[in-house]
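Engineer: Everything below, folded, please.
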Amino acid sequence: MSESDVVIVFQLGNSYPQDQIIEDEILRRLPLSHVRYRQILASYSRCIPFRCIATRLRTLRRVLAALGDRPVILVGRSSGARVITKLAAEGLPQIRGVVCIGYPFRPPGSKLDPDRIDHLRLLETPTLIFQGRDDEYGGISAPFDYALSPNIEFVSFPGRHDFPPEAFPWDELTRRMMDMASRERQTTFDAPPRQPLRPGPAKLADPAWWTDQRAIAVATVRWLMRAVRRPGR
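Structural biologist: Sure, this is the predicted structure:
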């Protein structure tokens with residue numbers, strides 16, 4: 001298929017419609033078929049909690065199914081980036097590339113959530129993450145902090161999570177997206193092959209000393225219970 005067959009599918013963040021400018025700036029520079037986020041909301045979001053990542057993920061699967069076998073580039077902003085990377089981690093051959101803008105690795109003041117990170121370590125689809133250097137959800141050190149997949153290319157720019165549009169490298173983004181659209185699907189950025197995992201033990205068992213101590217504790221509790229139930233003299 002040629003690049004004219006590629007469809008850009010957008011998933012914006014919880015601040016929608018304020019971040020709709022991302023769609024506008026990309027589509028102004030990139031004349032490809034597309035599905036805007038508002039189209040997805042209009043078709044699928046009635047009476048469902050659309051901020052739920054699992055719900056959005058199920059919906060996005062339906063959107064891709066409706067496109068048949070046309071290749072797609074997924075573009076996500078913030079929570080939308082979580083949705084598209086999770087879908088890409090499923091290994092769908094329809095997905096030619098993934099573009100994240102402001103990935104929310106870790107909300108300020110929150111504990112690390114494996115659900116935001118783990119799938120990024122195994123991602124095989126070519127992925128670009130454009131991240132503000134001072135993004136409070138994870139800045140320039142994110143690739144080193146979270147050991148991202150070698151198939152993820154990290155591009156930093158001056159700014160925070162909510163960046164002014166004029167600070168964003170739109171031309172570089174759309175150039176890279178056009179490269180994605182023009183090449184046949186590949187699974188990596190020419191990354192080295194992943195080494196197979198070594199098998200672990202067939203079964204994990206408690207050590208013998210722990211088994212003995214546990215048996216003693218159980219016997220002691222039973223003796224105490226009998227003593228409590230014994231009638232007084």
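
Engineer: my read: D145 touches L112, true?
Structural biologist: No. Taking C-beta atoms under 8 Å as the definition, D145 is not a contact partner of L112, at 9.3 Å. C-beta coordinates here come from the backbone N, C-alpha and C atoms, glycine included.

Engineer: Contacts for stretch 154-173 next, please.
Structural biologist: Contacts to stretch 154-173, defined as C-beta atoms under 8 Å, 6 or more residues apart in numbering, come from residues 15, 21, 25-26, 29, 78, 99, 101-102, 104, 128-137, 139-140, 142-143, 148.

Engineer: burial count for I73?
Structural biologist: Residue neighbour count, defined by other C-beta atoms under 10 Å, stands at 25 for I73.

Engineer: where does it land on pLDDT?
Structural biologist: For I73, the model assigns a pLDDT of 97.

Engineer: Using the three-state scheme, assign it.
Structural biologist: Per DSSP: H, G, I helix; E, B strand; the rest coil, the secondary structure class of I73 is strand.

Engineer: Quick one: residues contacting it.
Structural biologist: 6-9, 32, 95-99, 177, 180-181.

Engineer: Give me the subset of these lying in strands.
Structural biologist: Among the contacts of I73, the residues falling in strands (DSSP state E) are 7-9, 95-99.

Engineer: Can you lay out those residues as a markdown table showing neighbour count, pLDDT and distance to V155?
Structural biologist: Converted to a markdown table, these look like this (neighbours: other C-beta atoms under 10 Å; pLDDT from 0 to 100; distance: C-beta to C-beta, whole Å):
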| residue | neighbour count | pLDDT | distance to V155 |
| --- | --- | --- | --- |
| V7 | 20 | 96 | 23 |
| I8 | 22 | 97 | 18 |
| V9 | 23 | 97 | 20 |
| I95 | 22 | 96 | 19 |
| R96 | 25 | 95 | 18 |
| G97 | 24 | 96 | 14 |
| V98 | 25 | 98 | 13 |
| V99 | 26 | 98 | 10 |
